[in-house]
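Peer 1: would you be able to build a 3D model of this:
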Amino acid sequence: MTIRVVLADDQEMVRTGFRYMLEAEGDIEVVGEAGDGLEALRLARELRPDVALLDIRMPGIDGLEATRRLAGPGVADPVKVVVVTTFDLDEYVYSALEGGAVGFLLKDAGPALLIEAVRAAVRGDALVSPKITVRLLSRFTRQRTVRRGEPEDRGLTEREKETVRAVAEGLTNVEAAERLFVSLSTVKTHLASVQAKLGARNRVEIAAWAYRGGLMDERD
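Peer 2: Residues are numbered from 1 along each chain as shown. Modelled structure (predicted):
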């Protein structure tokens, strides 16, 4: 299946770079580009892409408003939106996710994470830039309350726990594989097993569980 993507960014060079990264995969096609929010809205509604990649600060309407109109509460047939921005602000993260975005990436995240975010959106998962995930989820370290005697490992193997820690620290699958000296497919297998055992929908929920359950306190 070819994944159809609409790109929206007010900088042509950024759109060109993203197009090159995505279409190098072979199974991803950029079907439309927009330089402002209103054009992005029109293209997404007209072309019905599998994923819309939206910048935040654009002329017309910004990416957050475009996200709300395409994927927010009450939208009958929402488009899957991934917000990609330079601005690492918590208020933008919250607004994007509350507005229906299924992903939030920083532009310096690199091609591997951009492609992973697009594919995650198609699968129905959510992916937030690792830097942001770590910052937001680290609050669980201060807030967590674990009942004494309650089993917290959920049957995870030691290797699966190591993989979870890597995800919770913000590593991508490729980086986790390098740290653990295993193949990329092994990391993906471990994460699939972890998701099933935890009942987690995506890596963000896996990371939240790791902080909330105290797994990150067990690091050497």
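Peer 1: give me the pLDDT value at the nearest residue to Thr85 once chain neighbours are set aside.
Peer 2: Nearest residue to Thr85, sequence neighbours excluded (Cβ to Cβ, 6 or more residues apart in numbering): Ile56, at 4.4 Å. In this view, the C-beta of every residue, glycine as well, is placed from N, C-alpha and C. Per-residue pLDDT puts Ile56 at 94.
Peer 1: for Met13, see how far away Ile56 is.
Peer 2: Ile56 sits 17 Å away from Met13, going by Cβ to Cβ, to the nearest Å.
Peer 1: the more surrounded of the two?
Peer 2: A side-by-side neighbour count of Ile56 and Met13, using other Cβ atoms under 10 Å, places Ile56 first with 22 against 8.
Peer 1: in the chain, which residue is closest to the centre?
Peer 2: Compute the mean C-alpha point of the chain, and by Cα atoms, centre = their mean the closest residue is Leu127, 1.5 Å away.
Peer 1: quick check: that one touching Arg203?
Peer 2: Yes: contact criterion Cβ atoms under 8 Å: Leu127 and Arg203 qualify, at 6.7 Å.
Peer 1: ok, Val5 - contacts?
Peer 2: 22, 28-31, 49-53, 118 (Cβ atoms under 8 Å, 6 or more residues apart in numbering).
Peer 1: I'd like to know which elements the longest helix along the chain is packed against.
Peer 2: Longest helix of the chain, by residue count under DSSP state H: helix 184-198. Helices and strands touching helix 184-198, as assessed by 3 or more Cβ pairs under 8 Å, 6 or more residues apart in numbering; DSSP states H and E, comprise helix 158-168, helix 173-180, helix 203-212.
Peer 1: and the longest one, what's buried?
Peer 2: Using 16 or more other Cβ atoms under 10 Å as the test for burial, helix 158-168 gives 160-168.
Peer 1: now render the residues you listed as a markdown table, adding distance to Arg123 and pLDDT.
Peer 2: Formatted as a markdown table, those follow (distance: Cβ to Cβ, whole Å; pLDDT from 0 to 100):
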| residue | distance to Arg123 | pLDDT |
| --- | --- | --- |
| Glu160 | 20 | 94 |
| Lys161 | 24 | 93 |
| Glu162 | 24 | 94 |
| Thr163 | 19 | 94 |
| Val164 | 19 | 92 |
| Arg165 | 23 | 90 |
| Ala166 | 20 | 89 |
| Val167 | 16 | 84 |
| Ala168 | 21 | 81 |
